[in-house]
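Enquirer: how would this look folded up:
(chains A and B)
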Amino acid sequence: MIAATIPGASGLGLKSRHCAEILAGKPQVGWFEVHPENYMGEGGPPHRQLAAIRRDYPLSLHGVGLSIGGEGPLDEAHLARLKSLVERYEPGLVSEHLAWSSHEGIYFNDLLPLPYTEATLARVVEHVDRLQEALGRSIQLENPSSYLAFEESTLAEPDFLAEIARRSGCGLLLDLNNVFVSAQNLGFAPQSYIDSFPLTKVGEIHLGGHAAEPDGLLVDAHDRAVADPVWALLVLVLRRTGALPVLVEWDNDVPEWPVLHREAVLAQRFLDDCRHARAS
Amino acid sequence: MPAQAELAAALLQADRPVPPGLLPPARFGVHRNNVVAGLIEALGAAYPAVRSLVGEAFFKAAAGLFVRQEPPQSPVLIDYGSGFPDFLESFPPAAGLPYLAPVARLERAWLAAFNAAEATPLPIAALGRVAEAELDRVRLALHPSLRLVVSRFPIVALWAANTGRGPHEAVDLGRAEAALVVRPAELVMVESLTPGMAAFVGALADGLDLGAAAGAAMRAKAGFALGPALGRLFSLGAVVGLGQPSCDGDDP
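Expert: Residues are numbered from 1 along each chain as shown, chains lettered A, B, ... in the order given. Have a look, this model is predicted:
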C-alpha cells in the first residue's frame, strides 16, 4: 500500500465504472476519494476494486451518512462501520458534512440544513468530538450547499464553521461549488464568504458541477464539469492558502474517464500556477 | 422553530404544510424532491429488470409509494429496498403481473450476492478425500454469496431479457424456473436450475447432508442424478468447505 498522506494535488471522486481503466493505465492522479457508505457491504467487487486502487493511490473517505447535524446522538453502529473501513484502507483524510440526514431511525438520503445557533453549534461540536474520538483522528467538516435559510439563525455560516473547528480541533473541507451555489440561492457574494472563512483550517477543497433551474435556483447536482466562476474561486483561495488537496466530484451523468481526468489535470494546472505565483 | 421531527415528517409527506421558519418556505420543496427522487433512483439501480418490465412511469409511481411507506433505516443504501418484492406482490396495480415480485426477489438475491463476503471455492477433488462410506453424511459448506430463488414463473429468462443479458424474445410465462445466484469471485452468476437440482441446493442450504439432500432431490424429480449435480455445483464455485459427517442420534 502506498503512503496514506493526501498530497496538495488534484484528486478525483472514484467511480466503479472507471476502476478497470485506472488500474490498467495507472494515470497521473494525486489521490482518490470515495463515500464510505458504498463500501459497507461485506465483500465483492466494491472492496476488490478499492483495495486495488488503494495499493497505488492515497485515499480519502468522504462520509455522507453520519448525520452530524442531527438532533439525536450519532449512530454508533454506523460509526463502527466507518471505523473498520478506516482501519482497513488507511485513508489520508476523513471528512463529513455539516448537515443532518437521519431522524429517529429513518435515513433521508439527503444533506439536510440546520439553523446556525448557539444550541446547534454545541450539538455539532459534541458530534464531531464523538466522531474524532471513535476514529482516533481528526476529521474535516464540509460547508453545505444551501437552498434555504432559517429565521432563527444567529450566526453566519463561516463563523459557525470556524467555531466548530476551534472547539473540536477538526479541519474544514471548503467546497467552492457549494459556496457558489449557496451564494446564488441565498443572495450573498461568494467572495465575501471566502473573506470571512477561516482559511487556515482548510485541509481540503471540493469542486463540482451544478445545475441551474429555470427560476435561477442552482442545484448541487455533481452532474457536469466545474463551472468557470467556481474555478475562479479556486484561484482566489489558492492564492491565499497555497497548495491544498483539491478534489473534483462528478457523481451523476458520469462521463468517460478521459473527460473526468481532464478536470483533474485542469485543477492541477491551477495548483501549479498558484505555487509558481507564490514562489515568485 | 421547526424541530427536526417536524421537518422529517414533512419531507416524506407532500401534503403536510411546510414547517414555519424557513426562508423562503417554497425551497423546502428542493429537499422533498431530493429525498424522494434520490430513493426512487436507488431502488431503480437495485431493480433494473423490474424497472424495464413495468416501464419508467409505472416504476416511479410504485417506487414513490414504497419509499414513503418504507424509507431507509440505515445510511447504508446498498441494503435498502429489501421489502420491495413483497410490496410489489400486494400492489394492486401490479396484480396483472404476478411474475414481477419473483423477478424482484431474484434481483435482490443478485445484489446480496454482489456484496456478500468472500470465500475460496473448493475443487471437486476435495470430495475424493472422503471415504466412500462417509460420503452420504458429508455436509457441504456453500459460498456465503449463494442464494436460491424458486418461482412458478421463468424468472431467469425474464431477468436476463430485461437486463440486456439474454434474448428479448417471447418468454413462455407458463414455465417454472428456479435461480441459483452465486459470486465465487468477481462476477455474479445466475443459473437456471431444474426442479431436482433446486430441491438439492435448497436442502444443502438448509444444512442437510449429501444423502438427505439427494433424497429430497429425488422426491422433487424422479431420476435426479447426484454425480452431475455435484459436478455442476463445484464447477460453479458454489462449495467452499466440507462439513463434518453428521452423527445420527447425537442431536440433543
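Enquirer: so which bits of the stretch 101-250 of chain B are right by chain A?
Expert: B:113-118, B:144-145, B:183, B:186 (CB under 8 Å from any CB of the partner chain). Where C-beta positions appear, they are placed from N, C-alpha and C, glycine not excepted.
Enquirer: what is the burial count for residue 210?
Expert: Picking chain A for this. 21 (other CB atoms under 10 Å in any protein chain shown).
Enquirer: let me rephrase: I mean chain B.
Expert: Counted with other CB under 10 Å, B:Leu210 comes out at 25.
Enquirer: list the contacts for it?
Expert: B:135-140, B:204, B:226, B:230 (CB atoms under 8 Å, 6 or more residues apart in numbering or on different chains).
Enquirer: in CSV, list those residues along with pLDDT and neighbour count.
Expert: Converted to CSV, the contacts of B:Leu210 look like this (pLDDT from 0 to 100; neighbours: other CB atoms under 10 Å in any protein chain shown):
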residue, pLDDT, neighbour count
B:Leu135, 93, 16
B:Asp136, 94, 17
B:Arg137, 95, 17
B:Val138, 96, 18
B:Arg139, 96, 18
B:Leu140, 97, 24
B:Leu204, 98, 26
B:Leu226, 95, 17
B:Leu230, 97, 18
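Enquirer: return the subset of those residues lying in helices.
Expert: With helices taken from DSSP state H, the overlap with the contacts of B:Leu210 comprises B:204, B:226, B:230.
Enquirer: just put those residues in CSV and tack on distance to A:Arg240.
Expert: Converted to CSV, the ones in helices among the contacts of B:Leu210 look like this (distance: CB to CB, whole Å):
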residue, distance to A:Arg240
B:Leu204, 65
B:Leu226, 74
B:Leu230, 69
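Enquirer: who's the closest residue in space to B:Gly207 that isn't next to it in sequence bridged to?
Expert: Once flanking residues are discounted, B:Gly207 sits nearest to B:Arg139: 6.5 Å by CB to CB, 6 or more residues apart in numbering or on different chains. For B:Arg139, the beta-bridge partners are B:Gly243 (DSSP bridges).
Enquirer: can you tell me how far B:Arg139 is from chain A?
Expert: 22 Å (CB to the nearest CB, to the nearest Å).
Enquirer: thought that residue was touching B:Asp209?
Expert: Yes: in this structure, B:Arg139 is within contact of B:Asp209 by CB atoms under 8 Å, at 5.0 Å.
Enquirer: please convert the buried members of the residues of the stretch 101-250 of chain B next to chain A into ChimeraX selection syntax.
Expert: Selection of buried members from these for ChimeraX, criterion 16 or more other CB atoms under 10 Å in any protein chain shown:
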select /B:113,114,115,116,118,144,145,183
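Enquirer: let me know the closest of the residues of the stretch 101-250 of chain B next to chain A to B:Gly174.
Expert: Nearest to B:Gly174 out of these is B:Ala113 (CB to CB; 27.7 Å).
Enquirer: can you show me the strands along the stretch 101-250 of chain A?
Expert: Ranges of strands in the stretch 101-250 of chain A, per DSSP state E, counting those that start in this stretch, are A:106-112, A:140-142, A:149-150, A:171-175, A:202-208, A:211-212, A:218-219, A:246-249.
Enquirer: report how many residues lie close to B:Val67.
Expert: So B:Val67, with other CB under 10 Å, has 24 neighbours.
Enquirer: list the contacts of it.
Expert: Shown in contact with B:Val67 (CB under 8 Å, 6+ apart): B:12, B:36, B:39-40, B:43.
Enquirer: what about it? Give its phi and psi, please.
Expert: phi -70, psi -30 (degrees, to the nearest 10).
Enquirer: got it, and B:Phe153?
Expert: Torsion angles, degrees, to the nearest 10, at B:Phe153: phi -120, psi 160.
Enquirer: how close does it get to chain A?
Expert: 27 Å.
Enquirer: contacts only, for that residue.
Expert: Contact analysis of B:Phe153 by CB under 8 Å, 6+ apart lists B:98-99, B:102-103, B:173, B:175-177.
Enquirer: between these, which is nearest A:Asp223?
Expert: Checking the contacts of B:Phe153 against A:Asp223 with CB to CB, the nearest one is B:Val103 at 29.9 Å.
Enquirer: pretty sure the closest one sits against B:Leu53.
Expert: Yes: contact criterion CB under 8 Å: B:Val103 and B:Leu53 qualify, at 6.6 Å.
Enquirer: tell me who's in contact with residue 194.
Expert: Defaulting to chain A. A:179, A:233, A:236-237.
Enquirer: actually chain B
Expert: Counting by CB under 8 Å, 6+ apart, B:Thr194 has contacts B:178, B:221.
Enquirer: tell me the confidence at it?
Expert: You'll see B:Thr194 listed with a pLDDT of 93.
Enquirer: how close does the residue of the stretch 1-150 of chain B found nearest chain A sit to B:Ala62?
Expert: Residue of the stretch 1-150 of chain B nearest chain A, by CB to the nearest CB: B:Pro75 (2.6 Å). Using CB to CB, to the nearest Å, B:Pro75 is found at 24 Å from B:Ala62.
Enquirer: between these two, which has more neighbouring residues?
Expert: In terms of neighbours (other CB under 10 Å), B:Pro75 is the more surrounded of B:Pro75 and B:Ala62; the figures are 26 against 23.
Enquirer: is that one in a helix, a strand, or coil?
Expert: Of the three states, B:Pro75 takes coil under DSSP: H, G, I helix; E, B strand; the rest coil.
Enquirer: how about it, what does it touch?
Expert: A:37, A:64-67, A:75, A:78, A:101-102, A:107, A:109.
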